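Q: Just the structure for this:
(3 chains)
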Amino acid sequence: MSDTEKSSASPLDSSILILKDLAFQRNEELLFSSINMAIESGEILQIQGPNGSGKTTLLRMISMTLSPTSGEILWQGKNVNNVREQYLGSLLYLGHQSGLKKSLSADENLLWWRKLNKDNLLPSSDALECVGLTRVKDVPCYHLSAGQLRRASLARLYITRAKLWILDEPFSAIDKQFANELKTLLENHLDNGGIVILTTHQDLEIKDMKYISLASPHKSR
Amino acid sequence: MWQWFHKLGSPRWFYQTSGKWLPWLSFLALVFISLGLVWGLGFAPQDAKQGNSFRIIYIHVPSSFLALVGYYIMAIAGAISIIWKIKLADMVMVSAAPIGASFTFIALLTGAIWGKPTWGTYWIWDARITSMLILLFLYFGVIVLQKAYSRQGLASRAAAYLALVGTVNIPIIYKSVDWWYTLHQPATIKFTEAPSMHPDMFQPLLLMIVGFYLFYAAVLIFKIRVEILHRERRTSWVQDYFFSKKNK
Amino acid sequence: MTNTGFVAIFRRDLLLAIRHRGDLSNPIIFFFIIIVLVPLGLTPESSRLSEIAPGMLWIIALLASLLSLNSMFQDDYNDGTLEQIMILPQPLYFMVLAKIVVHWMVTGLPLSLLAPVFGMMLSLPEPGYLPLMLSLLMGTATLSLLGAIGSALTLPLDKEGLLLPLIVMPFYMPILIFGSGTVQFAIDGLSILSPLAVMGSLLALFLFVAPYIAAGALRLSVEG
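A: From the prediction side, this is the model:
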């Protein structure tokens, strides 16, 4: 994977990730609209809003699971639909659900995830050791606690080369100590030029944080 | 050119334009069907073998045509809606589904009514009827699938996919049912086909077929209009439409 | 790159199937249960059973396939793994194909291999055994492919009700017709080449088309 180089359409569009006029309509209701944001390397964006305001929807939109009703997302100056493979190869999405098979162990889950993402991994580090799950790495995941599951899910962050991290409530279910470790991990990623977009109820104190606030859904005209 | 195309896809334009044409279309349909029915039921000569009971074909045959054509109309509308993302095409597909299903049902029903005096039984597993029954299932699938999705946009896309798979399968299904029937065909009965018809019987049938097509178009347009009003109910033009009607 | 997707998902799903090996016997148990019902409900007479055996065996295989369809994507949908797979840059087509292949290996394949046993229980005439296996091997693969489309389209419903069978049934019917036709032809002393050729072309057609449509339907399901 080549190191990321910014390819600009114009001097103004030099941001790596641009959210342009994003809107989403579910049936007759406009969940959100006019979402605009430009994000540079090393920046972190938090999506805030009450429950049901569409935070997860927006995250899924950025990870191309959903299509926006209108607006577009630009990656390195190009619409993500046109550079799909490249864009998806540059991002990592961790959603609400664990993304792990319950009947496999944490180690096995990580193994098959590594196989699918072969081109996008850091040279080996023991991910499970980084999240403190070495002791239970061979236990089927249905035996793990919520906190352990979350850690197993987050383990992927330690071995990915993806530049853009999209995280939905990454701090849920983990204890204070690991939360600090996670915060450090995020900061390191940002220092290395990565981007983080997340939702969280935690009060994250990371400097230069950007925000998008989603209001409660309002009706369309 | 694109302007015109987009205008074609505007629900509002469709609503206003169809409103002018619909009464004429319905009238024309009524004329053809009445003529055809009166001629066919009253004046056409009796069939040599079946006596008067064959007359049900004046409803049965047109219904069967429209049952199949209706499915293709639905599938094509679905394809247009997913390829070019035209909302109106989506509405056409959604409206066409229950109408096509109804015609299929009528075809089956009239087929059964025809069956009793002809073969002594209301139901017989011959190729045509069996294919028609499977077609009914195909329609049901498209109609019921939409309930699985909470968002209309997704529901229509899923239905469009299913309709397209159905389109690919319809020739396969019809051919296989044909093959199956010829394997097991009882030596006696051969289904009377239209080609062996006397012109005096055939002409009213032609009227009925045209009439049914017109009728289908009228009902489809009507249903689309209802769908438009429902989906666009929050827009200003629909609100104005109703307010101005009330104030008359 | 497309191959890593196929191979990785193939091995993962196979591993999962082995982990759930209790479920592997489900289609077979189902088959046995229904097979017992047939003579009980109809007649124990060998001659009459032989008459209906080809069709009956195929019908039961079809039903067994239907019952197993839910498991294809539901699990991955529920634990977020499906979403993870869909976010990969690799084409979804191959990964869906891998899932379908494993599904078949776990349902249709064992059934087809055990077909002689079932055939014997319904007094299937001698010439029918090999054609039964052949037609089932090809046919159940096609059923898995077609079933994948239906399964992908009905994911949000969370296996409530009979929507999946309703949708999938019309597409299953030609397979049933030609499958049982193959066996019947053999029993009647006719060449099975033509119905078998049809089965083969249907399999080829849906091998191409079904994973593609199922992938599209999966994207739809994950959206809503």
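
Q: shaky segments in chain A?
A: A:1-14, A:216-221 (pLDDT under 70).

Q: can you give me the strands in it?
A: Using DSSP state E, the strands of chain A run over A:17-26, A:29-39, A:44-48, A:70-75, A:78-79, A:91-94, A:164-168, A:195-199, A:209-213, A:218-219.

Q: out of those, nearest to chain C?
A: Chain C lies closest to strand A:91-94 among the strands of chain A, at 5.3 Å (CB to the nearest CB). Where you see a C-beta, it was placed from the backbone N, CA and C, and this is true even at glycine.

Q: Now tell me what touches the closest one from outside.
A: Applying CB atoms under 8 Å, 6 or more residues apart in numbering or on different chains, the contact partners of strand A:91-94 are A:59-60, A:63, A:65, A:153-154, A:156-157, A:160, A:162-168, A:170, C:83-84, C:87.

Q: Show me what residue of chain A gets nearest to chain C.
A: For chain A, CB to the nearest CB, closest residue to chain C: residue A:97, 2.9 Å.

Q: Grab the nearest non-local neighbour of that residue.
A: residue C:80 (2.9 Å; CB to CB, 6 or more residues apart in numbering or on different chains).

Q: May I have the phi/psi pair for the one you found?
A: Main-chain torsions, residue C:80, degrees, to the nearest 10: phi 80, psi 0.

Q: Wait, it touches residue A:95, no?
A: Yes - using CB atoms under 8 Å, residue C:80 is in contact with residue A:95, at 5.5 Å.

Q: Identify the bridge partners of the residue nearest the centre of chain A.
A: Central residue of chain A (CA atoms, centre = their mean): residue A:166, 0.9 Å from the mean position. Beta-bridge partners for residue A:166, by DSSP bridges, are residue A:93, residue A:197.

Q: Where does pLDDT dip in chain C?
A: In chain C, residues with pLDDT under 70: C:1-2, C:158-160, C:224.

Q: remind me, longest helix of it?
A: helix C:193-223 (DSSP state H).

Q: Dump the strands of chain A into a markdown table; add distance to residue C:186 as well.
A: Formatted as a markdown table, those follow (distance: least, CB to CB, whole Å):
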| stretch | distance to residue C:186 |
| --- | --- |
| strand A:17-26 | 55 |
| strand A:29-39 | 60 |
| strand A:44-48 | 64 |
| strand A:70-75 | 58 |
| strand A:78-79 | 57 |
| strand A:91-94 | 53 |
| strand A:164-168 | 57 |
| strand A:195-199 | 62 |
| strand A:209-213 | 67 |
| strand A:218-219 | 65 |
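
Q: So which residues lie in contact with stretch C:94-103, not counting its own?
A: With CB under 8 Å, 6+ apart as the criterion, stretch C:94-103 contacts C:2-3, C:5-7, C:9-10, C:13-14, C:17, C:68, C:71-73, C:85, C:88, C:144-145, C:148, C:152, C:210-211, C:214-215, C:218.

Q: pLDDT wise, what is the residue nearest to residue B:201 when sequence neighbours are not counted at?
A: Nearest non-adjacent residue to residue B:201, counting by CB to CB, 6+ apart: residue B:44, 5.0 Å away. Among the per-residue scores, residue B:44 shows a pLDDT of 72.

Q: can you check the one 10 residues further on too?
A: pLDDT for residue B:54: 75.

Q: Distance-wise, check it relative to residue A:167.
A: According to CB to CB, to the nearest Å, residue B:54 and residue A:167 sit 72 Å apart.

Q: burial of residue A:40, as a residue count?
A: Using other CB atoms under 10 Å in any protein chain shown, residue A:40 has 14 neighbouring residues.

Q: so it makes contact with residue A:16?
A: Yes - Residue A:40 is in contact with residue A:16 according to CB under 8 Å; the separation is 6.2 Å.

Q: Mutual contacts of these two, please.
A: Residues touching both residue A:40 and residue A:16 by CB under 8 Å, 6+ apart: residue A:195.

Q: Tell me where chain A has helices.
A: Applying DSSP H to chain A gives helices spanning A:55-62, A:84-89, A:106-116, A:127-130, A:146-154, A:176-191.

Q: Can the first one be said to contact chain B?
A: No - contact check for helix A:55-62 against chain B, using CB under 8 Å from any CB of the partner chain: none in range, with a minimum separation of 11.4 Å.

Q: Enumerate the residues of chain A near chain C.
A: By CB under 8 Å from any CB, the residues of chain A that approach chain C are A:63-67, A:84-86, A:88-89, A:91, A:93, A:95-104, A:108, A:112-113, A:115-119, A:140.

Q: Now for residue B:60, which secondary structure element holds it?
A: Taking DSSP states H and E as the definition, one finds residue B:60 inside helix B:57-84.

Q: Quick check: residue B:86 vs residue B:100, distance?
A: Residue B:86 is 20 Å from residue B:100, by CB to CB.

Q: okay, those two: which has more neighbours?
A: Taking other CB under 10 Å, residue B:86 and residue B:100 do not tie; residue B:100 has more neighbours (28 against 19).

Q: which stretches of chain B form helices?
A: Per DSSP H, chain B carries helices over the ranges B:2-8, B:11-37, B:57-84, B:87-119, B:127-145, B:152-184, B:199-231, B:236-246.

Q: Show residues contacting the last one.
A: What it means is helix B:236-246. A:221, B:12, B:229, B:232-233.

Q: Just the buried ones from those residues, in PyMOL syntax?
A: In PyMOL syntax, the buried subset of the contacts of helix B:236-246 is picked out as below (16 or more other CB atoms under 10 Å in any protein chain shown):
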select buried, chain B and resi 232
